[in-house]
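*Asks:* coordinates only, sequence not included:
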């Protein structure tokens, strides 16, 4: 960020972490983020993998593969991932991770600037990705129970998605009616939505007087308001600076939800304090670590039965 380079990385970091834990990784190994469906991948060598994130149907050589589950692909097998029923992005994590070169301390792809990942671009037809050839024993296959995995995502399919936010420095510059409507109205994600940010649509907001700002640093989750009065939420490939007024910032523990929303989905903002935001992050992390312990315990049980 201090070099003016965006964060990049997973739009849904929770799914990435759990997927890597399932294949015995530490959580931050490089994986494939899938946002265009259907996707077909052919394994050229034996490979242990897990598919997490959006809930849908995947098949390995025509046989349904459970979501959020470890599996072993053999050379020549093809994995087909259909469009999800719930969520927008799936994550394919492989045992041992993808040994892509590190750039600025990460293996993520910055498609906006054209570096990192595999040649700085999204995967194209015929692309080949390296992996370390690490496999998982068939007898050790296990995964996350559907009700556990689904608890994160099923709320995205029912009504408006609630996102907790902390108000930012220019929120008080809105007129009183706009301050109220920012929280009370439902916002739709427009078709102008990508990894950089989502443009929202609702009844336009207005300032008592439009603040005049120099460009300043921004981070993923910041909600800005251009002159037309429709908010923009910055996401994983967010710009590192901008001059639009800042209304609020989506708290860290809710950012994954945005990564799983699609154009046409609707959301509402709910104000929280800094203390509440930290508490929410603590609760989420405790739940994730409990899940990780269960994964490691299950792996140990299966390992002892070999």
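*Replies:* Arrived safely, thanks for sending. Everything quoted here is computed from the prediction, not taken from an experiment. Residues are numbered from 1 along each chain as shown.

*Asks:* going forward, measure contacts between C-alpha atoms and count neighbours the same way
*Replies:* Will do.

*Asks:* need the strands for the stretch 151-300 of the chain, in chain order.
*Replies:* Per DSSP state E, counting those that start in this stretch, the stretch 151-300 of the chain has strands spanning 161-167, 187-193, 197-201, 216-217, 222-224, 232-234, 241-242, 246-250, 266-271. These are given in chain order.

*Asks:* Output those as CSV; include the columns mean pLDDT, mean neighbour count and distance to residue 44.
*Replies:* Shown next, in CSV, are the strands of the stretch 151-300 of the chain (pLDDT from 0 to 100; neighbours: other C-alpha atoms under 10 Å; distance: least, C-alpha to C-alpha, whole Å):
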stretch, mean pLDDT, mean neighbour count, distance to residue 44
strand 161-167, 96, 20, 40
strand 187-193, 97, 17, 34
strand 197-201, 97, 22, 35
strand 216-217, 88, 12, 44
strand 222-224, 97, 25, 42
strand 232-234, 97, 24, 37
strand 241-242, 89, 16, 42
strand 246-250, 97, 23, 41
strand 266-271, 97, 19, 41
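
*Asks:* Distance to residue 180 for these - can I get that in TSV?
*Replies:* Converted to TSV, those look like this (distance: least, C-alpha to C-alpha, whole Å):
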stretch	distance to residue 180
strand 161-167	12
strand 187-193	13
strand 197-201	16
strand 216-217	26
strand 222-224	16
strand 232-234	18
strand 241-242	25
strand 246-250	12
strand 266-271	11
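
*Asks:* right, and these - which one's nearest residue 80?
*Replies:* Proximity of the strands of the stretch 151-300 of the chain to residue 80 was assessed by C-alpha to C-alpha; the nearest stretch is strand 187-193, lying at 25.3 Å.

*Asks:* same for the closest one, what does it pack against?
*Replies:* strand 197-201, strand 266-271 (3 or more C-alpha pairs under 8 Å, 6 or more residues apart in numbering; DSSP states H and E).

*Asks:* From the structure, what's the count of residues near residue 290?
*Replies:* 12 (other C-alpha atoms under 10 Å).

*Asks:* next one: the one 4 residues further on
*Replies:* As a burial measure, residue 294 scores 14 neighbours (other C-alpha under 10 Å).

*Asks:* Roughly how far does it sit from residue 94?
*Replies:* In this view, residue 294 and residue 94 are 20 Å apart by C-alpha to C-alpha, to the nearest Å.

*Asks:* same check, this time on residue 120
*Replies:* For residue 120, the distance to residue 94 (C-alpha to C-alpha) stands at 20 Å.

*Asks:* which one of the two has more residues nearby?
*Replies:* The residue with the greater number of neighbours, taking residue 120 and residue 94 and applying other C-alpha under 10 Å, is residue 94; the counts read 31 against 15.

*Asks:* The nearest residue to the more buried one once chain neighbours are set aside in helix, strand or coil?
*Replies:* With sequence-adjacent residues excluded and distances taken as C-alpha to C-alpha, 6 or more residues apart in numbering, residue 94 is closest to residue 49, at 4.2 Å. On the three-state scheme (DSSP: H, G, I helix; E, B strand; the rest coil), residue 49 is labelled strand.

*Asks:* my read: residue 49 touches residue 91, true?
*Replies:* No. Counting by C-alpha atoms under 8 Å, residue 49 stays clear of residue 91, with 10.2 Å between them.

*Asks:* Report pLDDT for residue 183.
*Replies:* Residue 183 is assigned 98 on the pLDDT scale.

*Asks:* tell me the contacts of it?
*Replies:* With contact taken as C-alpha atoms under 8 Å, 6 or more residues apart in numbering, residue 183 is in contact with 268-271.

*Asks:* From those, pick the one nearest residue 155.
*Replies:* Proximity of these to residue 155 (C-alpha to C-alpha) peaks at residue 268, which lies at 13.2 Å.

*Asks:* In contact with that closest one, which residues are there?
*Replies:* With C-alpha under 8 Å, 6+ apart as the criterion, the residues that contact residue 268 are 160-163, 183-187.

*Asks:* okay, these in a markdown table with distance to residue 87 next?
*Replies:* A markdown table is the format used below for these (distance: C-alpha to C-alpha, whole Å):
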| residue | distance to residue 87 |
| --- | --- |
| 160 | 14 |
| 161 | 12 |
| 162 | 15 |
| 163 | 15 |
| 183 | 24 |
| 184 | 24 |
| 185 | 23 |
| 186 | 19 |
| 187 | 18 |
